[in-house]
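Undergrad: Pasted the sequence and its predicted model underneath.
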Amino acid sequence: MPSTQIIPLSYYQQNDTLTLAKDLIGRRLFTCINGKITGGTIVETEAYIGPLDKASHAIDGRRTKRTEILFKSGGRAYAYLIYGLYTLFNVTTGKKDKPECILIRAIKPETGIETMKERRFGNYNSTKKVISDGPGRLTQALAIDKSMYGLPLNSEVLWIEEGIDLSSQIVATPRVGIDYAEEFADKKWRFVVPVPGT
DNA sequence: GCGGCGATCCACT
DNA sequence: GTGGATCGCCGCC
């Protein structure tokens, strides 16, 4: 359905990843699975800047089957399983051989809300719970899983549109769940817009 | 309201 | 064999 609003892959390959992590706030992420379009506005991101970043899977240039996609040019999906339960969704960034990416941690649900509720809670009674606030919840709501590993972000099933400017509301904080990353645990590489109802 | 913990997979040591 | 870029539930304050 998309059209001119889709962000071209070249966008992800320029600038630096910290700038892009902030710039992605306010843009709109969509999936189309089995004919059902779901999506919303990105309100929380985190930057992972390998090989220096001790929180990155590509620390020290670590290159494995899992991280391989990070070494290609930016604009693709890096989806992987964590804790044996949840899929986390990242956008790869930068040029070839620059293993950088941005974790998408939350969206404000806007399109296909009923479908997202079904995926998260089943067919009943879900009024109190958040839909896509948190990286594991987000992938469940949008039905993103490891099969999307490597998909370009302008594809028929997964894409990002231009969205709106929320830059004045962005707060920078330390990233979540990476206490082990020593000096990198304190870097304010998480960007979030405080919004209710995600 | 908040802290602790179990669930459950797989890439990497 | 280990431990994680998490979540939701349960128990207690």
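TA: Sure, I can see it.

Undergrad: Give me the residues contacting stretch A:154-174.
TA: With Cβ atoms under 8 Å, 6 or more residues apart in numbering as the test, stretch A:154-174 has contacts from A:2, A:5-9, A:22-33, A:41-43, A:75, A:77, A:91, A:144, A:148, A:151, A:153, A:185-194. Heads up, the C-betas are built off the backbone N, CA and C, glycines and all.

Undergrad: do that stretch and DNA strand C meet?
TA: No - Stretch A:154-174 does not reach DNA strand C (Cβ under 7 Å from any atom of the strand); its nearest approach is 11.4 Å.

Undergrad: mind listing what's buried in that stretch?
TA: A:154, A:157-161, A:163, A:166, A:170 (16 or more other Cβ atoms under 10 Å).

Undergrad: For chain A, which segments count as helices?
TA: For chain A, the helices defined by DSSP state H occupy A:10-13, A:17-23, A:113-121, A:135-142.

Undergrad: how about JSON lines for those helices, with distance to residue A:98 added?
TA: JSON lines is the format used below for the helices of chain A (distance: least, Cβ to Cβ, whole Å):
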{"stretch": "helix A:10-13", "distance to residue A:98": "9"}
{"stretch": "helix A:17-23", "distance to residue A:98": "8"}
{"stretch": "helix A:113-121", "distance to residue A:98": "33"}
{"stretch": "helix A:135-142", "distance to residue A:98": "22"}
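
Undergrad: what's the most buried one of the ones you listed?
TA: Highest mean neighbour count of the helices of chain A: helix A:135-142, a mean of 24 (counted as mean count of other Cβ atoms under 10 Å).

Undergrad: Excluding chain neighbours, what is closest to the spatially most central residue of chain A?
TA: Nearest residue to the geometric centre of chain A (Cα atoms, centre = their mean): residue A:104, 2.3 Å. Distances taken as Cβ to Cβ, 6 or more residues apart in numbering put residue A:89 closest to residue A:104, at 5.3 Å, once the chain neighbours are dropped.

Undergrad: related to what we said a few turns ago, filter the contacts of stretch A:154-174 down to the buried ones.
TA: Counted by 16+ other Cβ under 10 Å, those give A:6-7, A:22-33, A:41-43, A:75, A:77, A:91, A:144, A:148, A:151, A:153, A:187, A:189-193 as buried.
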